[in-house]
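**Student:** structure of the sequence below:
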Amino acid sequence: MNYVDLLPKKTYNCEPFGLMFMIDGDEQRWWCQYYSHFSKKSDDRYPAQVGLTMEDAAAAMVKVMFQNKNLPNPVITPRPCVVSFAAQMEKKLLDNDFKGGWSDSDVEYLIERLRDEVDELEKAVYSESKTGKEITLEAADVANYSMMIADKLKTKK
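**Tutor:** Predicted coordinates:
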């Protein structure tokens with residue numbers, strides 16, 4: 001079997017976990033195995049799940065995981081709208097990678113840009129000509145500047 005190991009993640013209390021996806025070459029079925037701890041020891045609370053696609057196997061695993069209400073450290077899975085919006089944020093960041101990031105920007109500048117982006121979002125919301133996609137991209141700009149500020153200040157005590 002070939003496998004794809006998703007990067008290890010952490011639960012909200014920093015317990016490491018991950019998902020390993022394996023494809024059975026003979027039957028072309030995907031297997032999804034949840035593991036906890038960096039040893040990649042299989043977690044017995046979740047039997048391996050099988051699907052015709054990687055997405056099917058992952059969906060089956062998520063369903064099994066959330067049915068187990070007695071877990072001490074539940075995994076937080078973002079809502080579909082959050083995942084979709086985060087993808088738009090990342091698209092906007094990638095489109096602007098040529099600018100070099102925000103690590104050298106001071107917080108005052110980022111707050112000023114955030115205010116500008118909120119103004120642009122408000123204009124887009126009330127515009128007769130802006131589509132939902134265009135409004136979403138403006139909202140992603142607002143979210144990105146908020147994220148940049150949070151990123152700059154994440155170690156502030």
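**Student:** now do the end-to-end distance for stretch 91-99.
**Tutor:** Chord length of stretch 91-99, first to last residue, is 14 Å (C-alpha to C-alpha, to the nearest Å).
**Student:** revised request: answer the last question for stretch 89-109.
**Tutor:** End residues of stretch 89-109 are separated by 19 Å (C-alpha to C-alpha).
**Student:** how about it: buried residues?
**Tutor:** By neighbour count with 16 or more other C-beta atoms under 10 Å, stretch 89-109 contains the buried residues Met89, Lys92, Leu93, Trp102, Ser105. For every residue, glycine as well, the C-beta is placed using N, CA and C.
**Student:** which helices and strands sit right next to the strand or helix carrying the third one?
**Tutor:** Pointing back at Leu93 there. Using DSSP states H and E, Leu93 maps to helix 80-95. Other helices and strands packing on helix 80-95, by 3 or more C-beta pairs under 8 Å, 6 or more residues apart in numbering; DSSP states H and E, are helix 132-153.
**Student:** re the thing from before, can I get the buried residues of stretch 89-109 in CSV with pLDDT?
**Tutor:** What follows is those, written out as CSV (pLDDT from 0 to 100):
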residue, pLDDT
Met89, 91
Lys92, 92
Leu93, 91
Trp102, 94
Ser105, 95
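**Student:** now distance to Ala150 too, for those, in CSV please.
**Tutor:** Formatted as CSV, those follow (distance: C-beta to C-beta, whole Å):
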residue, distance to Ala150
Met89, 13
Lys92, 16
Leu93, 14
Trp102, 11
Ser105, 13
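**Student:** out of those, the closest to Ala124 would be?
**Tutor:** Distance to Ala124 across these (C-beta to C-beta) is lowest for Lys92, with 13.7 Å.
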